[in-house]
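Visitor: Build the 3D model from these lines:
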Amino acid sequence: MSDQEIRIGSSLALAGHAGYLGTQMLQGAMSYIDAVNAAGGIHGRKIRLIAMDDGYDPTRCLYNTQTLILEKKVFCLFSYVGTPTTVRILPLVNEAHIPLVGMLTGANRLRTPKNPLLINVRASYYQEIAAAVAMMVQEKKLDRVAVFYQYDEYGFDGLRGTEIALETYQLKPIAKGSYLRGTLDVETGLEKIISSHAQAVVMIGTYGACAKFIRLAKENNFSPLFYNVSFVGSAELARRLGRVGHGVVITQVVPPLTADKAGKMLPGIKQYIKDLNRWYPDAAPSFVGLEGYLNARILALALERCGRHLDRNTFLTAIASIRDYDLGIENPLSFGHGDYQGLDRVYFTKIDHGKLVPLP
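Guide: Sure thing, here's the model as predicted:
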C-alpha cells in the first residue's frame, strides 16, 4: 500500500476446466473497481487488483498466494475461487494475519471454526443444500436422493451437507457417485446412481462434469430431478446442456438477473449490468459475475469506512461495523462480532429451454 494505491491480490481459475468461474468473478469485481477508480478511488487511493491464474489447482494457488503476500505486498486477499484452493491457503492467511474478502465457495471449512480474517459474503453450501433438500422432500415428496460429487474438499463438503439435510427427514443418500477434480470421468458414478433408482440427484461439481453426467443420464433414460449448487457455474452449465438441461435446478446465492413480472429490476442488479457494460461491453451478466461485483462493493465500503489511516485491524473493524446495509438486492448485508458471513438468502433457478429462469 502507498499514498496512491491499495494493492489487493486474487488467485483464481482463469483458464482450464473452471476458467469460466474465475473469469466471470474477475470481470464482475473489476467492473466495480474500475468505476471506483474512475471516480477518484478511496480517499485518494486507487485500488489495484493483482490477479493470478491458479487453474483451480491447490498447489498453484498456494504458490500464487505466497507471491501475493511476500513479493507483491498486497493489503488483503480478494475473491478466491473454489474450496480446495482456498482451504489450502488457510495456514498462510492465519500466519500473515491477512484478510481474505469474498470467496466463490460456500464451504463449511471456511466458516467453522469462526475466523475474522475470512470474510464470507455468500450463503454456505449447507444453506443451499438444506433449502434444496427441503424442496425435494417436502414439496416434491421425493425420498430417494443420491449424491454426485467431486472427490475433494468441495465435494466432501457438499456430501456432508446433503447428509445433514437428509437426516432432518430421517433419510440417507440412496447412492453416492464421484469423479476426480479436473476430469470428466463420470461414468462409474453415474452407473451407481442409475442402479439406485434415485428420484433426485444432488450434484456437487463443476459445469463440465455435471453437464456430461446429466447428458449421459438422459441418454440412458434416467431423468430424476437434477439439482446443482451455485458453484457449478449455472450459465455455462445451461449453455453446455442446451435443451437437454430443461428442468435442471440450480440454487443461487445472489438474486436473479432478470426483471420481475412487473418489469422492475432490483437497483443493485441494474447498477451491476450498467458497470459491466461500461467496462466489459462484450461480457454477459452472470450470477458469478454479480457475486464478484458485490464482493468488490463490500471491499470498497470497508475501505471507505477506514478513512485515510488504513491498516488491516481497522479494516476488519470496518467490516464488523456493517449492519443491515442495503446493496439494492432486497437482502441486507450484515456482519458483526462472531458473524463473518454477510448474506444468508438462497434463490432457486431452473433451466428452461436453455435459459435460466427464477423459480417462484
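Visitor: So residue 184 versus residue 216, what's the distance?
Guide: Separation of residue 184 from residue 216 (Cβ to Cβ, to the nearest Å): 10 Å. C-beta coordinates here come from the backbone N, C-alpha and C atoms, glycine included.
Visitor: Just the helices from the stretch 251-360 of the chain, written as ranges.
Guide: Under the criterion DSSP state H, counting those that start in this stretch, helices of the stretch 251-360 of the chain are mapped to 267-279, 287-306, 312-320.
Visitor: I'd like to check the angle between the longest one and helix 312-320, please.
Guide: Counting by axes from the mean of the first three to the mean of the last three Cα atoms, to 10 degrees, helix 287-306 points 120 degrees away from the direction of helix 312-320.
Visitor: Return the list of helices and strands in contact with helix 287-306.
Guide: Helix 287-306 is packed against helix 19-38, strand 46-53, strand 76-81, strand 100-104, helix 234-241, helix 267-279, helix 312-320, with contacts defined by 3 or more Cβ pairs under 8 Å, 6 or more residues apart in numbering; DSSP states H and E.
Visitor: Could you check which helix or strand contains the residue nearest to residue 204 when sequence neighbours are not counted?
Guide: Using Cβ to Cβ, 6 or more residues apart in numbering and skipping the chain neighbours, the partner closest in space to residue 204 is residue 158 (3.0 Å). Take DSSP states H and E as the rule and residue 158 turns out to sit in helix 153-167.
Visitor: Beyond that helix, next helix or strand please.
Guide: strand 175-179.
Visitor: what's that following strand in contact with?
Guide: In this structure, residues lying in contact with strand 175-179 by Cβ atoms under 8 Å, 6 or more residues apart in numbering are 146-151, 155, 159, 185-186, 188-193, 195-196, 198, 205, 209.
Visitor: That strand pairs with which strands, parallel or anti?
Guide: Strand pairing for strand 175-179, determined by DSSP bridges: strand 145-150 (parallel).
Visitor: angle of the partner strand against helix 153-167?
Guide: 170 degrees.
Visitor: quick one: average confidence on strand 145-150?
Guide: Strand 145-150 comes out with an average pLDDT of 98.
Visitor: can you give me how far it is from the chain middle?
Guide: Distance, stretch centre to chain centre, for strand 145-150: 19 Å (Cα atoms, centre = their mean, to the nearest Å).
Visitor: list the buried ones in it?
Guide: 145-150 (16 or more other Cβ atoms under 10 Å).
Visitor: do stretch 72-92 as well
Guide: Buried, per 16+ other Cβ under 10 Å, within stretch 72-92: 74-89, 92.
Visitor: swap in stretch 198-216?
Guide: Neighbour-count burial for stretch 198-216 flags 198-215 (criterion: 16+ other Cβ under 10 Å).
Visitor: Return the subset of those residues lying in helices.
Guide: 207-215 (DSSP state H).
Visitor: My read is that residue 347 contacts residue 257, right?
Guide: No - shown here, residue 347 and residue 257 do not form a contact pair, counting by Cβ atoms under 8 Å, at 10.7 Å.
Visitor: Mean confidence (pLDDT) on stretch 336-350, please.
Guide: Averaged over stretch 336-350, pLDDT sits at 94.
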